[in-house]
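In: return a 3D structure for these sequence lines:
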Amino acid sequence: MPTSIFVNLPTTDLERSKAFYTALGYDINPMFTDDNAACVVLDDNIYFMVVTRDYLGTFTDKQIIDPKTHAQTSISFTRDSRDEVDEMLAKGLAAGGSEPREAQDLGFMYSRDLEDPDGNILGFLFMEPAAAEKGPEAYLAEQGAGASPTSA
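Out: Next up, the predicted model:
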């Protein structure tokens, strides 16, 4: 059986979060959704559990941070093209999300960040297949670019 990944994300408005994630094209699994949490299905093995802050507090003795002011994690998703990255951002912005910084274009990789209405950070990126196969420096060298991806 493959490993499934469940990422718990805090929300102050569960209905708003469900609307946001369905606007991105994801489904909600009603069998694991109630007044405290919603199971957002990203694919067959990856799920977001969007949970109320109070409910998330029952999972840990640690303080639950406010994702509008503190970053605990950033979750990134690959897309098959730059256009698909831009499409995801357009959907998210139309559904109440925000773009906290400008797009990053490193030559071998294009990425944009999207914050959901609670401030949880989602990244969407496209990496040139040759860069993924050979590594960014080899790809950039072939393209005639001398800059290292870490020096950009």
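
In: residues in contact with stretch 114-122: which ones?
Out: Here stretch 114-122 makes contact (CB atoms under 8 Å, 6 or more residues apart in numbering) with 9-13, 16-17, 20-21, 66-69, 71, 73-77, 88-89, 92-93, 96-100, 113, 123-124. Heads up, the C-betas are built off the backbone N, CA and C, glycines and all.

In: distance between the ends of that stretch?
Out: Using CA to CA, to the nearest Å, the end-to-end distance of stretch 114-122 comes out at 5 Å.

In: what mean pLDDT does it have?
Out: Confidence over stretch 114-122, taken as the mean pLDDT, stands at 96.

In: what about the most centrally placed residue in the chain, distance to residue 91?
Out: Central residue of the chain (CA atoms, centre = their mean): residue 122, 2.4 Å from the mean position. In this view, residue 122 and residue 91 are 11 Å apart by CB to CB, to the nearest Å.

In: again, but for residue 74
Out: Separation of residue 74 from residue 91 (CB to CB) stands at 19 Å.

In: wait, residue 82 sits on residue 127?
Out: No. Residue 82 lies out of contact with residue 127 (CB atoms under 8 Å); the separation is 10.4 Å.

In: and this structure, what are its domains?
Out: The chain breaks down by automatic domain parsing into domains covering 1-59, 72-146.

In: look up how far residue 60 lies from the residue nearest to the centre of the chain.
Out: Residue 122 is 22 Å from residue 60, where distance means CB to CB.

In: can you pull out the helices in this structure?
Out: 14-23, 53-56, 82-94, 129-134, 136-142 (DSSP state H).
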